[in-house]
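Engineer: Sequence below, structure please.
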Amino acid sequence: MDLEFNKREDANRLKLSEINGIFSKIKKGGGEKRLEKLRQEGKMTARERIEYLLDSKAPSIEIGGFAGYEMYEEHGGCPSGGVVVVMGYISGKQCIVVANDASVKAGAWFPITGKKNLRAQEIAMENRLPIIYLVDSAGVYLPMQDEIFPDKEHFGRIFRNNAKMSSMGIIQISAVMGSCVAGGAYLPIMSDEAMIVDKTGSIFLAGSYLVKAAIGESIDNETLGGATTHCSISGVTDYKAKDDKDALDRIKTIMRSIGDYEKAGFDRIESRPPAVNPSDIFGIMPISRAEQYDTYEIIKCLVDNSEFEEYKPDYGKTIICATARIDGWSVGIVANQRKMVKSGKGEMQFGGVIYSDSADKATRFIANCNQRKIPLLFLQDVTGFMVGSKSEHGGIIKDGAKMVNAVSNSVVPKFTVITGNSFGAGNYAMCGKAYDPRLIVAWPWAELAVMGGAQAAKVLAQIQEATLRKQGKEISEEEHQEILDTISKKYQKQTEATYSAARLWTDAIIHPEDTRKWISMGIEAANHAPITEKFNLGVIQV
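Structural biologist: A predicted model of the protein is given here:
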């Protein structure tokens, strides 16, 4: 390996280590003291519950682990959004598990908590996966109730989705393992099966203090809505568990009894590891997001036997389109080529930029994959569409619109990995979050924004300085640099992978060597949902 490869590898592994360090702290939820308090109450923690529930030797992936990172700090923070979401296997059946983390504000719902729960349900609905709720929550976080309670994508949408999933035949199982109050009480009861843990679980629309205040009745919480009440008197729950493990064992038994599912029919053969070591990714990816590299080398690190069949290799070279296999699954890859290339007309084209010919090629390839029922994988390292008079006169907007149209109307499952840059309309054309990828993840050094940091800072500085000049203020060189540095620092922070993951613009920041696992599990999940729509581009300018 050359010196530059080693430098890149060291820098990128250091970035991964930084991300892993942050996530290690996040996984402690509300802190060791609060976690220990839960154990003293006879409970398992949210992550302990999931670990016990999932098949130990099967793969799993965590959705939204960075949700809430560096948000709500004036309220004490909300690590992982106060809820843990994992896709894994229970009794050999793939499913989604949602577990409230009672160490974070007693499992109360912040705005990001609602968004994360809805994302978990969205994944279950898109892929028709069973979903398991491990309930231990104090309900809506009252100081922020206006941001979580009344809107379309707020708290109430959870129960609407419960009803919708039930009508779709998607299995829902709930275990009440702590508090389950107010509107949240509907979630387990709208599930197919509901159980409650004796002495620690409780369900009621209003707790004993509120009952006393509202109607003057004096009653303790256990009598009001404990396990005995709901299993013997109200009939609200189906099964009384003696402790957390008993409830989780019951879920395992239920999952074991579930019949097979109708499959979408995506093609899979025996898996083969890449011939090129996936760890080479760390040495291939440059330290600066502005540097160029050969995306073909990245693809070789991801696909089975490092083999792929390229579509139109001599045309539209700033986008690579190819069919390959990942963990045996057939996939169609759409990837931004980050190396300077020569067009068919002999002109040099910038890597990472989408030109008209590239957009045209990608549109046709996406249509072909829909025709052949091949899931799509987008590898994003894009700075946007090409600008300038030549591109505008050549119809870049029209060709870009075709590609966006194809991505929007695609009926095969789509998966997106942000390997580097994700800027501007390039994010849209390469299947950003708004275009319904089944899963969207980022590598640790990824950056996501409307434009690159350096360009954005200059534009924002010009606007701010123009405003100051209108007020009669002259800007010195030192003041100009100070304004530029302040804006650059703030903007750069907003482009980081952690910022996007905190807001669930991406589902996770992943180890690049786990990319194959994420795509494989994603396609397996998608195989639970047969395709019922036909691919149709609709009306487009030709």
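Engineer: switch to C-alpha atoms for all contacts and neighbour counts from now on
Structural biologist: Fine.
Engineer: what sits up against the lowest-mean-pLDDT helix or strand in the chain?
Structural biologist: The weakest-scoring helix or strand in the chain, judged by mean pLDDT, DSSP states H and E, is helix 453-470 (a mean of 73). Helix 453-470 is touched from outside by Glu474, Ile475, His480, Ile483, Leu484, Ile487, Ser488, Tyr491, Gln492, Thr495, with contacts defined as Cα atoms under 8 Å, 6 or more residues apart in numbering.
Engineer: Among the residues you listed, which lie within strands?
Structural biologist: The strands, defined by DSSP state E, take in nothing from the contacts of helix 453-470.
Engineer: which parts of the helix or strand hosting Ile397 are buried?
Structural biologist: Counting by DSSP states H and E, the element that carries Ile397 is helix 396-409. Neighbour counts using 16 or more other Cα atoms under 10 Å place 396-409 of helix 396-409 among the buried residues.
Engineer: Mind giving me the packing neighbours of that helix?
Structural biologist: If contacts are counted by 3 or more Cα pairs under 8 Å, 6 or more residues apart in numbering; DSSP states H and E, helix 396-409 sits against helix 356-372, helix 424-429.
Engineer: if you set the cut-off to 10 Å instead, what comes out?
Structural biologist: With contacts defined as 3 or more Cα pairs under 10 Å, 6 or more residues apart in numbering; DSSP states H and E, helix 396-409 has these neighbours: strand 353-354, helix 356-372, strand 384-385, helix 389-393, helix 424-429.
Engineer: Now do the fourth one, average pLDDT.
Structural biologist: Per-region confidence: helix 389-393 scores 79 on mean pLDDT.
Engineer: swap in the last one?
Structural biologist: Regarding helix 424-429, the rounded mean pLDDT is 93.
Engineer: after that helix, next one along is what?
Structural biologist: Downstream of helix 424-429, the first helix or strand assigned by DSSP H and E is strand 439-442.
Engineer: hang on, the earlier thing: quick one: which of the buried residues of helix 396-409 is nearest to Gly107?
Structural biologist: Ranked by distance to Gly107 (Cα to Cα), those are led by Ser408 at 36.2 Å.
Engineer: Confirm that Asn117 sits in a helix.
Structural biologist: Yes. Counting by DSSP: H, G, I helix; E, B strand; the rest coil, Asn117 is located in a helix.
Engineer: To what extent is it buried, counted in neighbours?
Structural biologist: When neighbours are counted by other Cα atoms under 10 Å, Asn117 registers 24.
Engineer: And Val417, by the same measure?
Structural biologist: There are 30 residues near Val417, going by other Cα under 10 Å.
Engineer: Roughly how far does it sit from Glu36?
Structural biologist: Per Cα to Cα, to the nearest Å, Val417 is found 37 Å from Glu36.
Engineer: Export the buried residues of helix 396-409 as JSON lines, with columns for distance to Leu53 and pLDDT.
Structural biologist: Putting those into JSON lines (distance: Cα to Cα, whole Å; pLDDT from 0 to 100) gives the following:
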{"residue": "Ile396", "distance to Leu53": "51", "pLDDT": "87"}
{"residue": "Ile397", "distance to Leu53": "50", "pLDDT": "87"}
{"residue": "Lys398", "distance to Leu53": "51", "pLDDT": "88"}
{"residue": "Asp399", "distance to Leu53": "49", "pLDDT": "85"}
{"residue": "Gly400", "distance to Leu53": "46", "pLDDT": "90"}
{"residue": "Ala401", "distance to Leu53": "46", "pLDDT": "91"}
{"residue": "Lys402", "distance to Leu53": "45", "pLDDT": "93"}
{"residue": "Met403", "distance to Leu53": "42", "pLDDT": "95"}
{"residue": "Val404", "distance to Leu53": "41", "pLDDT": "95"}
{"residue": "Asn405", "distance to Leu53": "42", "pLDDT": "95"}
{"residue": "Ala406", "distance to Leu53": "40", "pLDDT": "95"}
{"residue": "Val407", "distance to Leu53": "37", "pLDDT": "97"}
{"residue": "Ser408", "distance to Leu53": "37", "pLDDT": "96"}
{"residue": "Asn409", "distance to Leu53": "37", "pLDDT": "96"}
